[in-house]
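[1] Sequence isn't available, so here's the structure alone:
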């Protein structure tokens, strides 16, 4: 067993508001091993992007980490002062965001942005930094990188911009990449290109990835393990094939069943009635209990923690009883 | 079976020229985008035709042309045998409009935030004079809401009090208010989460079964299309490149672009298997490639493909616009 690259333990994120404190992430724990790709999946508002933001230290105020800890290679990073976190961000943790247009500065050439990132984090001269930047652009599949390095973001298409963003994230050879919905804004054909690029580059550079997405297809293709989030908690976590083919948590079962499949015909999709609770109205007990088809008395009273359920771990009382969902 | 909707050689060109002064000073020519360029299809009563394609391929423009939100540059739309543009008589046009309705993509933008649900769903009833008096209006709206799984008490709420999926149900209830036969659905579930998408798709299928509705379903998600459609049309840069029955299209795609699209979908069941991403991106619609618009990305392109534009021809029960398929090269 190798030491995990990233350890997240009992992470709590809360938002103080005028009408009381909202608990957005509640007791999230997971590890990422070196070189591993962990998928984080969930519906809007489940807290998946927030988990990523907490790890890279970019929680939007008034959001704050209220408990738990985050460790990168054994070093605690959740309570570091701003300047120290800045040195880690980009150098040891790279980030890719959903919208490739807003993550690049429109006023600087992409070369300048890449060289700045490289020189901030690595002790290299201007000319070497430029050569590295060109090499990175070539690696990400940008044609005529020598010329395009001096162009501005608006001169690139959406898919090309996302390639630049990936190059930027990998510029300082980080150990961990937090990718928040990297392909959501792109068309399917471009999405396929970007996903395979991301997979290949992270393997080549030995970077681990935390891939946040709502697309189970992307998860299935890319990840080693997957964590399913529901209402700010991990509902199920485990190897991707097990979670997809043998889900244990009723929410995961419903989620998988509601995705139209490409290889079977169904008259109706499995549906989970209702919708995810709002943060100010999370039900007592298991947060999923009002929508769960297998709910029983204990679910309404007590909150289950993650329990071993075969190959995966699921937060469900059924697992405790030895009944598969 | 009879076709409820027939579209013949439909085209829409948008003028995207720079303002007059810029054109004069900077000597820029006028510029046009051929958003939809000669699209023909028909939809049988009670069936669903899905149009798929990537951003900018013109699928939403087709939707808007069909319901009359845009006027076509060329071509005709016939609804139940009557040409929609020839029916110039406003009264006739009104009757036709009542029989076709539209559901939009963004449930946050398509509902007036200052209106109560009663007014939103009741508007088509009022507009077409289908409900008289407050009581009848209220009972009709309540019945419509119940049809889509909402409660009678919801009539007094505002859109912001609902989640995305519930808002899309309100949109569906509004579209159903006039008892239409034909619904144009422009990406109705793209803004929704998967579990909510499943709820909306189930409602749409149930309604189709109960009321014999005919759908034009626009989507970029092939898995969703496979679930809802009877027939599928694949669009690329304003033109239909392939049109076939669902089972035929998904099991045996002919056009290289259709094959590429199918290849590009991440499938949750082929865990670990890598797919071959296709190179290149959708070209700029302002300056589309010559000949077949797909030829710069096509692995089977030859000289003819870059020179001559293929027509959508019938071929063993399907329609495909490809020289390579026609010549038997693929």
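    Good, I have the coordinates. Source: prediction; values computed, not measured.
[2] what's the nearest residue to residue A:148 if we skip its chain neighbours?
    For residue A:148, ignoring the flanking residues on the chain, the nearest one in space by CB to CB, 6 or more residues apart in numbering or on different chains is residue A:142 at 5.8 Å. Where C-beta positions appear, they are placed from N, C-alpha and C, glycine not excepted.
[3] contacting residues around that neighbour?
    Residue A:142 sits next to A:148, A:160, A:163, A:164, A:167 when contact means CB atoms under 8 Å, 6 or more residues apart in numbering or on different chains.
[4] Using the three-state scheme, assign it.
    Recorded secondary structure, residue A:142: coil (DSSP: H, G, I helix; E, B strand; the rest coil).
[5] Helices along chain B, start to end?
    B:20-26, B:59-67, B:90-99, B:117-127, B:134-147, B:164-176, B:194-211, B:222-228, B:246-251, B:256-264, B:303-307, B:323-326 (DSSP state H).
[6] Dump these into a markdown table; add mean neighbour count as well.
    Converted to a markdown table, the helices of chain B look like this (neighbours: other CB atoms under 10 Å in any protein chain shown):
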| stretch | mean neighbour count |
| --- | --- |
| helix B:20-26 | 10 |
| helix B:59-67 | 23 |
| helix B:90-99 | 14 |
| helix B:117-127 | 20 |
| helix B:134-147 | 16 |
| helix B:164-176 | 24 |
| helix B:194-211 | 20 |
| helix B:222-228 | 23 |
| helix B:246-251 | 17 |
| helix B:256-264 | 22 |
| helix B:303-307 | 15 |
| helix B:323-326 | 20 |
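[7] Now that we have the ones you listed, can you turn them into a markdown table and tack on mean pLDDT and distance to residue B:8?
    Shown next, in a markdown table, are these (pLDDT from 0 to 100; distance: least, CB to CB, whole Å):
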| stretch | mean pLDDT | distance to residue B:8 |
| --- | --- | --- |
| helix B:20-26 | 89 | 34 |
| helix B:59-67 | 91 | 12 |
| helix B:90-99 | 84 | 17 |
| helix B:117-127 | 93 | 28 |
| helix B:134-147 | 92 | 34 |
| helix B:164-176 | 91 | 25 |
| helix B:194-211 | 90 | 25 |
| helix B:222-228 | 90 | 23 |
| helix B:246-251 | 91 | 22 |
| helix B:256-264 | 87 | 23 |
| helix B:303-307 | 91 | 26 |
| helix B:323-326 | 90 | 22 |
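[8] Turn those helices into CSV, columns for distance to residue A:9.
    Listed next are those as CSV, based on distance: least, CB to CB, whole Å:
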stretch, distance to residue A:9
helix B:20-26, 60
helix B:59-67, 47
helix B:90-99, 60
helix B:117-127, 45
helix B:134-147, 46
helix B:164-176, 33
helix B:194-211, 29
helix B:222-228, 37
helix B:246-251, 46
helix B:256-264, 38
helix B:303-307, 58
helix B:323-326, 57
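[9] List the contacts of the residue nearest the centre of chain A.
    Chain A has residue A:212 as the residue nearest its centroid, 2.5 Å off, counting by CA atoms, centre = their mean. Applying CB under 8 Å, 6+ apart, we find residue A:212 in contact with A:39, A:40, A:41, A:48, A:49, A:51, A:52, A:178, A:179, A:180, A:181.
[10] one step back: take the helices of chain B and lay them out in TSV including distance to chain A.
    Formatted as TSV, the helices of chain B follow (distance: least, CB to the nearest CB, whole Å):
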stretch	distance to chain A
helix B:20-26	18
helix B:59-67	12
helix B:90-99	27
helix B:117-127	17
helix B:134-147	15
helix B:164-176	6
helix B:194-211	3
helix B:222-228	4
helix B:246-251	7
helix B:256-264	4
helix B:303-307	19
helix B:323-326	19
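[11] follow-up on the earlier one: mind pulling up the phi and psi values for the residue nearest to residue A:148?
    Dihedral pair for residue A:142: phi -90, psi 120, per degrees, to the nearest 10.
[12] Looks like residue B:320 contacts residue B:313 (just checking).
    Yes - using CB atoms under 8 Å, residue B:320 is in contact with residue B:313, at 6.9 Å.
[13] More neighbours: the two, which one.
    The neighbour comparison of residue B:320 against residue B:313 (other CB atoms under 10 Å in any protein chain shown) goes to residue B:320, with 26 against 12.
[14] State the distance from the more buried one to chain A.
    Residue B:320 is 19 Å from chain A, where distance means CB to the nearest CB, to the nearest Å.
[15] for that residue, what are its contacts?
    B:241, B:242, B:243, B:244, B:254, B:255, B:312, B:313, B:326 are the contacts of residue B:320 under CB under 8 Å, 6+ apart.
[16] Name the surrounding residues that touch stretch B:218-227.
    With CB under 8 Å, 6+ apart as the test, stretch B:218-227 has contacts from A:187-188, A:217, A:259-262, A:266, A:269, B:50-55, B:59-60, B:62-63, B:184-187, B:189-190, B:197, B:201, B:217, B:232, B:246, B:250, B:261-262, B:265.
[17] For residue B:177, grab the count of nearby residues.
    Neighbour tally, residue B:177, other CB under 10 Å: 25.
[18] Surely it is in contact with residue B:144?
    Yes - using CB under 8 Å, residue B:177 makes contact with residue B:144 at a distance of 5.8 Å.
[19] Residues in contact with both of the two, list them for me.
    Counting by CB under 8 Å, 6+ apart, the common neighbours of residue B:177 and residue B:144 are residue B:121.
[20] The closest residue to chain B within the stretch 101-250 of chain A in helix, strand or coil?
    Among the residues of the stretch 101-250 of chain A, residue A:217 lies closest to chain B, at 3.1 Å counting by CB to the nearest CB. Following three-state DSSP, we place residue A:217 in the helix state.
[21] Now do the buried residues in stretch A:302-322.
    By 16 or more other CB atoms under 10 Å in any protein chain shown, the buried positions in stretch A:302-322 come out as A:303, A:304, A:306, A:309, A:312, A:313, A:314, A:315, A:316, A:317, A:318, A:319.
[22] cool, stretch A:184-201 as well?
    A:185-199, A:201.
[23] ok, now which ones touch the residue of the stretch 1-150 of chain B at minimum distance from chain A?
    At 4.0 Å from chain A, residue B:54 is the closest residue in the stretch 1-150 of chain B, using CB to the nearest CB. Contacts for residue B:54 were tallied using CB under 8 Å, 6+ apart; they are A:187, A:188, A:189, B:220, B:236, B:282.
[24] can you tell me how far it sits from residue B:238?
    Distance check for residue B:54 against residue B:238: by CB to CB, to the nearest Å, it reads 12 Å.
[25] what number of residues lie near the closest residue to chain B within the stretch 1-150 of chain A?
    Nearest residue of the stretch 1-150 of chain A to chain B (CB to the nearest CB) works out as residue A:43 at 3.9 Å. A count of neighbours around residue A:43, defined by other CB under 10 Å, yields 21.
[26] And it, its phi and psi?
    Phi and psi for residue A:43, reported as degrees, to the nearest 10, are phi -90, psi 170.
[27] Contact partners for residue A:35?
    By CB under 8 Å, 6+ apart, the contact list for residue A:35 reads A:202, A:203, A:206, A:207, A:208.
[28] Can you tell me which of those are buried?
    Those of those that meet the buried threshold are A:202, A:207, A:208, by 16+ other CB under 10 Å.
[29] Sort out for me which of the residues you listed are in strands.
    Counted as lying in strands by DSSP state E, out of the buried ones among the contacts of residue A:35, are residue A:208.
[30] related to what we said a few turns ago, out of the helices of chain B, the one nearest residue B:11 is which?
    Residue B:11 sits nearest to helix B:59-67 of all those, at 8.9 Å, using CB to CB.
[31] Now do that closest one against helix B:90-99, angle only.
    Per axes from the mean of the first three to the mean of the last three CA atoms, to 10 degrees, the angle that helix B:59-67 makes with helix B:90-99 is 130 degrees.
[32] Give me the residues contacting helix B:59-67.
    Residues from elsewhere that reach helix B:59-67 (CB under 8 Å, 6+ apart): B:5, B:7, B:10, B:12, B:35-36, B:39, B:51-53, B:70-72, B:77, B:97, B:100-102, B:105, B:184, B:186-187, B:216, B:218, B:220, B:235.
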